[in-house]
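> can you look at this prediction? I've put the sequence above it.
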Amino acid sequence: MILDETFMRKLSKFFCTALALTFMAPEYVYAQTPAKKLFGNRPLPAALKPAAHGFYTKGCLAGGVAIPVDGPNWQAMRLSRNRRWGHPELIGIIEQLSYKAKQDGWNGLLVGDISQPRGGPMLTGHRSHQMGLDADLWLTPMPNKRMTYKERENTSAISVLKKGTNFVDQARWTRAHTMLLYHAASFPEIERVLVHPGIKKQLCDTVKGNRAWLSKIRPTWGHHYHFHLRMGCPSGSPDCKRQNATPKKTGCSDGSLDWWFNVEFAPKKKPTKPAKPVKKKPRRELTVSDLPNACQLVLNANAPTLEAATHKPIAAAFVAPEIKLPKYSASNVLKGKPIEASKSKGTPVSSLNASQSAAGFNYVPQGPIPVPTLRPFVQ
């Protein structure tokens, strides 16, 4: 059979392109692939010295550690997301916060998203959380039982706002909520605690005495199901870009909080004429070339074992029922439920407390578990 000359040229060009791609440098491939797909498919961290590279919305994490699925005063949620990783200093702060809050009436932390094992852009959700320096903690206290894997996937957080308003529900808010946020802001390494403006207003209206810590409580959109810890750049991270310093003022009486309620949340006037639909250009996906140079090394580094990369709690005597984690799959992340009860239609946490004495759910302490003194952070 005689082949057409044009067809032969096209076939030759195809094979040349395929051959070139085979030997092409990984840098070129990375330049064409969204960074979230590359970082989102790494199930374990980079076996490198701990460091945060870049910025909160454009960076990566080396030497990340995982907070244990269970601790004396915490439980990690949405385990299928594999987002319980962070810089060792942040994981240590979360652990210490769990003890401080427990002493002031908070039953225990429900830990949401921290970061992917190597940080970087996420497959779903957050634009930040890329350096292992951000953590979402639910505004719902831990139930009196140890949840199963399935319950952690399906249980939903409850908003602290009164339904249909932007103000805190006084029947739901407790002193323990206030003290939880106070302790979160008390760590010098924590630069911001992001909450809904209604929560900020609640604190401004009720906190007496020392109010200096309120300067770290920053109002933002959402964040009425959970609050967001943001740590500053840690030592050993020379290319970590710092955020602007928070104002020294409490933010309660300088007009900044009023803007939310008088402008942002004010009812919008209906237009006299139907507005023309405006097509928003989709945000360009970040690639590895958009991130600090060190992120390519982080992406390609060897990985430790899960056991070696998991944070060792202070209370070594604590034992919880073992949860068998299924093999990580990026597709499960894409199918996962949000934490909000109004969106996920999941089981509210409060309904789980009735099973406190159910066999197999409560932790088994091996000897006394003392409240620990603060230990130096891993450098």
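Nice, thanks for sending it over.
> contacts for the strand or helix carrying Leu180?
When elements are assigned from DSSP states H and E, Leu180 belongs to helix 175-186. Applying CB atoms under 8 Å, 6 or more residues apart in numbering, the contact partners of helix 175-186 are 97, 100-101, 104-106, 137, 139, 141, 160, 190, 193, 195, 199, 203, 206-207, 213-214, 216-217, 227, 229. In short, each C-beta sits where N, CA and C put it, glycine included.
> mind checking how far that helix is from the chain centre?
19 Å (CA atoms, centre = their mean, to the nearest Å).
> buried residues in stretch 228-237?
Buried positions in stretch 228-237, judged by neighbour count with 16 or more other CB atoms under 10 Å: His228, Leu229, Arg230, Met231, Gly232, Cys233, Pro234, Gly236, Ser237.
> equivalent analysis for stretch 298-310, please.
Applying 16+ other CB under 10 Å to stretch 298-310 flags Val298, Leu299, Ala301, Pro304, Ala309, Thr310 as buried.
> related to what we said a few turns ago, farthest pair within the buried residues of stretch 228-237?
Using CB to CB, the pair of these lying farthest apart is His228 and Gly236, separated by 23.5 Å.
> right, and Glu189 touches Gly232 too?
Yes - judged on CB atoms under 8 Å, Glu189 makes contact with Gly232 at a distance of 6.1 Å.
> which parts of this protein are helices?
Listed in chain order, the helices of the chain (DSSP state H) span 5-22, 26-32, 35-39, 88-103, 149-154, 175-186, 197-206, 256-259, 294-300, 330-335, 341-344.
> wait, what's in contact with Leu137?
Applying CB under 8 Å, 6+ apart, the residues near Leu137 are Ile94, Leu97, Leu109, Leu110, Val111, Gly112, Ala184, His226, Phe227, His228, Leu229.
> for ChimeraX, what selects the buried ones among those residues?
Of the contacts of Leu137, the buried ones can be selected in ChimeraX as follows, counting by 16+ other CB under 10 Å:
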select :94,97,109,110,111,112,184,226,227,228,229
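> so the helix holding Leu180 versus helix 197-206, what angle?
Angle, helix 175-186 to helix 197-206, by axes from the mean of the first three to the mean of the last three CA atoms, to 10 degrees: 100 degrees.
> any weak-confidence spans in the stretch 1-150 of the chain?
1-31 (pLDDT under 70).
> just to revisit the earlier point, closest to Pro267 out of the buried residues of stretch 228-237?
Nearest member of the buried residues of stretch 228-237 to Pro267, counting by CB to CB, is His228, at 27.4 Å.
> circling back to that earlier point, the helices of the chain into CSV, with extra columns for distance to Met131?
Putting these into CSV (distance: least, CB to CB, whole Å) gives the following:
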stretch, distance to Met131
helix 5-22, 32
helix 26-32, 19
helix 35-39, 12
helix 88-103, 9
helix 149-154, 25
helix 175-186, 19
helix 197-206, 25
helix 256-259, 26
helix 294-300, 10
helix 330-335, 19
helix 341-344, 27
